[in-house]
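Trainee: Sequence first, then the predicted structure:
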Amino acid sequence: MAQSAERREHGRVAMISLHTSPLDQPGTGDAGGMNVYVLELAKRLAARNIEVEIYTRATSSSLPPVVRAYDGVSVRHVHAGPFEGLTKGELPGQLCVFAREVLRAEAQHELGWYDVIHSHYWLSGQVGALVRDRWGVPLAHSMHTMAKVKNASLAEGDTPEPDGRVIGEEQVVEAADMLIANTEDEAKQLINLYDADSSRVEVVHPGVDLDVFHPTTGARARLGLPEDAVVLMFAGRIQPLKAPDILLRAVRLMLERDPALRRRLVVPVVGGPSGSGLEHPESLAQLADALGIADVVRFVPPVAQSTLADWYSAATLVCVPSYNESFGLVAVEAQAAGTPVVAAAVGGLTTVVRDGRSGLLVASHDPEDYARAMRRVVDEPGLRDELAAGALVQARDFAWERTAERTVDVYRQAVRAMRDDLARVAG
């Protein structure tokens, strides 16, 4: 942290999460793993006596200006544009208003109130770059997803990210004092695709709350699932990028080869529509009907983390067939619950899942390959138990406390980087 923070018993961080509030329920709209990341990291920083104020755009007139989310963690609702009806693609037009209101809120404090700014996603990074220069406070930025990476692996029918986002991300990369990558793969993408300075990129793995996500007994009974069911689960936002349709198509292939499986099969899809999936929120249900598997698919709206943990524990396996994942929080949470993962061998999932040890990685998006991998977990004697044990071991490597410790180190590097830049300019 900054030198002033080192003299105090604590520091202060201004986090910016413009397009989605960490208080929103993950699993629908724009709320997902990033929401969990921001809030869980803030909680762990607060536990280290670092106060965190999170700035997010207000989406309702009924929201209070400030919410004390946890001891040491406040969420500030910033008025910028209409409360409802704005899509993420329309938010760039509100960046100036949002930045002005953030500056105004900070002006109520004494000079040097914050020690570091931590922005999340490129929209927040644009604001972070501006307030960095106004406050003279270093900026650490987490991309979470990147347009160039997403556009290189689009799902069929998905919409490419616009050039405006690509340019905006390049500007944030140039402006940030430090960039925080979720995985080594993401760090390479920042360097190779965005020309980031390798000395200003650090890998900090996100975490999982092991107090919430762990093996439990009685989960199937609590969820009304038969004890002998074969439960093939998807969790996350329903959008082409996450590819829940691949799971449904794979399930149909499994039933074609083993019709008797239908009597025991349950396919929970836990989450809500998001992104381009909002244009056709009913499309996945229509696909299930068209495939003739609507009787085994169960659509479950987004749930609280405690209930999500039950779904993971109840599952035979969790399928994560995404076209891209910067990290893959669902895969980590499932493994922490002792449930094997069948996942796409893309992005952060290759870091999160140990192929053959905690789950199975699939090197394509062909439903046949997913059907084959899931049949192995269901049918191969002893394999599920072996993978479940490995999943628990793998999940222990991802703890939020470790994430917070490493993030504080990056904040200190950001302070030094900004100090060096100022010294070079002065010299």
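Mentor: That came in fine, so what should we check first?
Trainee: Looking at the chain, which helix is longest?
Mentor: In the chain, assigned by DSSP state H, the helix with the most residues is helix 400-426.
Trainee: Same question for it: list its buried residues.
Mentor: For helix 400-426, a neighbour-count test (16 or more other C-beta atoms under 10 Å) marks 400, 403-404, 407-408, 410-415, 417-418 as buried. To be clear about C-beta, it is placed using only N, CA and C from the backbone, and glycine gets the same treatment.
Trainee: Using a markdown table, lay out the residues you listed together with pLDDT and distance to Thr351.
Mentor: Below are the buried residues of helix 400-426 laid out as a markdown table (pLDDT from 0 to 100; distance: C-beta to C-beta, whole Å):
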| residue | pLDDT | distance to Thr351 |
| --- | --- | --- |
| Trp400 | 94 | 17 |
| Thr403 | 96 | 14 |
| Ala404 | 96 | 19 |
| Thr407 | 97 | 17 |
| Val408 | 97 | 22 |
| Val410 | 98 | 18 |
| Tyr411 | 97 | 23 |
| Arg412 | 97 | 24 |
| Gln413 | 97 | 22 |
| Ala414 | 97 | 23 |
| Val415 | 96 | 28 |
| Ala417 | 96 | 25 |
| Met418 | 95 | 29 |
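Trainee: Which single one of the residues you listed is nearest to Arg263?
Mentor: Trp400 (40.6 Å; C-beta to C-beta).
Trainee: Would you check that the closest one makes contact with Asp211?
Mentor: No - if you go by C-beta atoms under 8 Å, Trp400 and Asp211 don't touch, sitting 9.8 Å apart.
Trainee: does the residue lying closest to Ser198 once chain neighbours are set aside sit in a helix, a strand or a coil?
Mentor: Excluding its sequence neighbours, the residue lying closest to Ser198 (C-beta to C-beta, 6 or more residues apart in numbering) is Ile191, at 5.3 Å. Using DSSP: H, G, I helix; E, B strand; the rest coil, the three-state assignment for Ile191 comes out as helix.
Trainee: Can you get me a residue count around Ile191?
Mentor: Counted with other C-beta atoms under 10 Å, residues neighbouring Ile191 total 17.
Trainee: quick check: longest strand of this protein.
Mentor: For the chain, the strand that runs over the most residues, judged by DSSP state E, is strand 50-57.
Trainee: Enumerate residues external to it that contact any of its residues.
Mentor: 1, 5, 10-23, 38-39, 42, 45-46, 69, 72-78, 80-81, 91, 94, 98, 102, 105, 114, 127, 408 (C-beta atoms under 8 Å, 6 or more residues apart in numbering).
Trainee: Just the ones of those in strands?
Mentor: Using DSSP E, the contacts of strand 50-57 in strands are 11-16, 69, 73-78.
Trainee: How about the contacts made by Thr59?
Mentor: Thr59 neighbours (C-beta under 8 Å, 6+ apart): 21, 83-84.
Trainee: ah, wrong one, I meant Val38
Mentor: 15, 17, 22, 54, 120.
Trainee: The third one - how many residues pack around it?
Mentor: Applying the criterion other C-beta under 10 Å, we find 25 residues in the vicinity of Pro22.
Trainee: just the second one next, same as before
Mentor: Summarising burial for Ser17: neighbours were counted as other C-beta under 10 Å, giving 28.
Trainee: Got the confidence number for it?
Mentor: At Ser17, the pLDDT value in this model is 96.
Trainee: now what about stretch 324-331, what contacts it?
Mentor: Stretch 324-331 has contacts (C-beta under 8 Å, 6+ apart) with 33, 36-37, 143-146, 149-150, 153, 182-183, 186, 205-206, 208, 235-236, 241, 318, 320, 322, 341, 343-344, 346-349, 351-353, 359.
Trainee: now the contacts of Val38 as a markdown table including distance to Arg257?
Mentor: Output for the contacts of Val38, formatted as a markdown table (distance: C-beta to C-beta, whole Å):
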| residue | distance to Arg257 |
| --- | --- |
| Met15 | 49 |
| Ser17 | 45 |
| Pro22 | 44 |
| Ile54 | 49 |
| His120 | 44 |
